[in-house]
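K.L.:
sharing a model that was predicted from the sequence below.
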Amino acid sequence: MQPTGGLRHPADNRFAAAPPIVRGAGVVASPAWSGPEKAAAVAFVGLIVLAFVGVHPLSPRAAGSGDSDVVRQVAFTAAFGVAVLAAMARRGIDLARSVPAGVVVLLCWCLATAIWSIEPAITLRRTGLLIIATVAMFACVDVLGGARTIRILRLCLAIIVLADWASILLSPYAVHLPSDPDPNLAGSFRGLHQHKNEAGPVMGIASLLFFFEAMRRRSRADLILLVAALGFLVMTRSKASMGCLVIGAGVALVYYQTWNQPTLRQMWVAILAVALVGGVTLLSIEYESLAQLLNDRMILTGRGEIWHVVVAVIRDRPFVGYGFGAVWDVGSASPIMAETHTWVSRVYSAHNGYLETTATIGVVGLALTVVATILAPFARLLAPVRQVPYMRALLVGWLVFAVVNNLVESTLLATGTALWTTQLIVLAILQTERRTAQTAR
């Protein structure tokens, strides 16, 4: 009979470091990292810095500065090269199995949309960068394994959180200024990040990690880092990230408490399924009333107005979309420009990952995205496990955070964003676990 709660359990070694090497009567060292592992760690750190901080710290976000940034493209390509070489040295051609089949199909669909894209060159470039970043992350985690991946990410996030607080003290640009394009943001912390809505998810991801690490290790350092991350999150005034953190942490804790009780797990799955069906039904019945409510710019800071325009754009190409990356930041060719010339035409995303995905790669692409990056990992996380699943509870929290956040922000398939990168880490860890289990049979 295994316990269902508590702060620590001896059987839980999913976060543990590799066992130390014992020579004679004493412990002398941890197992040495191999060359491929060192290379994968370097590439992984590079990917984390690119996604969580970017190549231009403290610089405000500007339209058109994303995927066309040469420094960013070179950095991702370099990380990809190092990661793939490391994985090839470890796995050989078996590296191809490190990426789940569903993700491969999704990437191929994104690439195929260049055929009918309104901006084929942009679609090819942005899809290429998506493929490079995705394969690089899966290759890194495949070489490092889940435990070492989490350990390195913990160190990176600790440095980022502390650096964000230091930037507040050292630079006036770490806080949104009254001269920013949106003066309503004045006073909100953004730290090293380009916008408070980028800093918020980083702090939410870090808070979940430090919370579960503090539980597992009973570590004062992790508790301090948790308080620092939560404090910075509050100062960003990112209500969406705060709400997503509460939901993600709540679901993760429920998962942790019910990990070895199939009946309770099934009950929660049923509740979530009923809530999803009920929500879709309500949306279809009361769409016009909800649309009128959301068109009020005081509600959700004007997102309803953006969504109204995006829905109108989707109606013209509902099944295949306009091409991956070919809706926002493409100049006058954007279908948004044809639909409206209001302030909505000047925003940089749909502020809803599901609507944006539908607009760019269609209903077909949205279905592939949801199956490969949300439903498939949830199915694996809900499978029975033998150990107290600290890591799995953390992965559940991260995945729920991303799923909910995409209702008000657009990070699905968004190369180089913290939340999409975290989703890739979740997928990669689960894929590595699956491959390890298959090899052990």
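P.N.:
Okay, I see it.

K.L.:
three-state assignment of the residue nearest to Tyr173 when sequence neighbours are not counted?
P.N.:
Distances taken as CB to CB, 6 or more residues apart in numbering place Leu58 nearest to Tyr173, at 4.8 Å, with adjacent residues excluded. Every residue, glycine included, has its C-beta placed from N, CA and C. Three-state assignment for Leu58 (DSSP: H, G, I helix; E, B strand; the rest coil): coil.

K.L.:
hmm, Asn405 and Tyr354 touching each other?
P.N.:
No: the pair Tyr354 / Asn405 is not scored as a contact, 11.3 Å apart, by CB atoms under 8 Å.

K.L.:
more neighbours, those two?
P.N.:
Asn405 (26 against 16; other CB atoms under 10 Å).

K.L.:
let me know the pLDDT of the more buried one.
P.N.:
The model reports Asn405 with a pLDDT of 92.

K.L.:
list the contacts of it.
P.N.:
For Asn405, the contact set (CB atoms under 8 Å, 6 or more residues apart in numbering) comprises Pro201, Gly204, Ala240, Ser241, Cys244, Gly353, Thr411, Leu419.

K.L.:
how far off centre is the helix or strand hosting Ile425?
P.N.:
Element membership of Ile425, judged by DSSP states H and E, is helix 418-440. Per CA atoms, centre = their mean, to the nearest Å, the displacement of helix 418-440 from the mean C-alpha position of its chain is 13 Å.

K.L.:
same deal with stretch 146-154?
P.N.:
16 Å.

K.L.:
which residues in the stretch 151-300 of the chain form strands?
P.N.:
Assigned by DSSP state E, counting those that start in this stretch, the strands in the stretch 151-300 of the chain number zero.

K.L.:
which residue ranges of it form helices?
P.N.:
Assigned by DSSP state H, counting those that start in this stretch, the stretch 151-300 of the chain shows helices spanning 196-217, 220-236, 239-257, 262-285, 287-294.

K.L.:
low-confidence ranges, the protein, go.
P.N.:
1-31, 61-68, 265, 269, 273, 276-277, 279-302, 386-388, 438-441 (pLDDT under 70).

K.L.:
returning to that earlier point: any chance of the helices of the stretch 151-300 of the chain in JSON lines, with distance to Arg154 too?
P.N.:
Shown next, in JSON lines, are the helices of the stretch 151-300 of the chain (distance: least, CB to CB, whole Å):
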{"stretch": "helix 196-217", "distance to Arg154": "6"}
{"stretch": "helix 220-236", "distance to Arg154": "8"}
{"stretch": "helix 239-257", "distance to Arg154": "16"}
{"stretch": "helix 262-285", "distance to Arg154": "27"}
{"stretch": "helix 287-294", "distance to Arg154": "38"}
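
K.L.:
need the winner for burial among these.
P.N.:
Mean neighbour count, computed with mean count of other CB atoms under 10 Å, is highest for helix 196-217 among the helices of the stretch 151-300 of the chain, reaching a mean of 25.

K.L.:
wait, a strand at Leu399?
P.N.:
No: read with three-state DSSP, Leu399 is helix and lies in no strand.

K.L.:
and the gap between the closest residue to it other than its chain neighbours and Val82?
P.N.:
Sequence neighbours aside, Val426 is the residue nearest to Leu399 in space, at 5.4 Å (criterion: CB to CB, 6+ apart). Distance, Val426 to Val82, by CB to CB, to the nearest Å: 22 Å.

K.L.:
on that earlier part again, tell me which residues in the helix holding Ile425 are buried?
P.N.:
Within helix 418-440, the residues scored as buried using 16 or more other CB atoms under 10 Å are 418-433.

K.L.:
packing partners of that helix?
P.N.:
helix 35-52, helix 120-170, helix 196-217, helix 376-381, helix 390-405 (3 or more CB pairs under 8 Å, 6 or more residues apart in numbering; DSSP states H and E).

K.L.:
can you give me the angle the second one makes with helix 418-440?
P.N.:
With axes from the mean of the first three to the mean of the last three CA atoms, to 10 degrees defining the directions, helix 120-170 sits at 110 degrees from helix 418-440.
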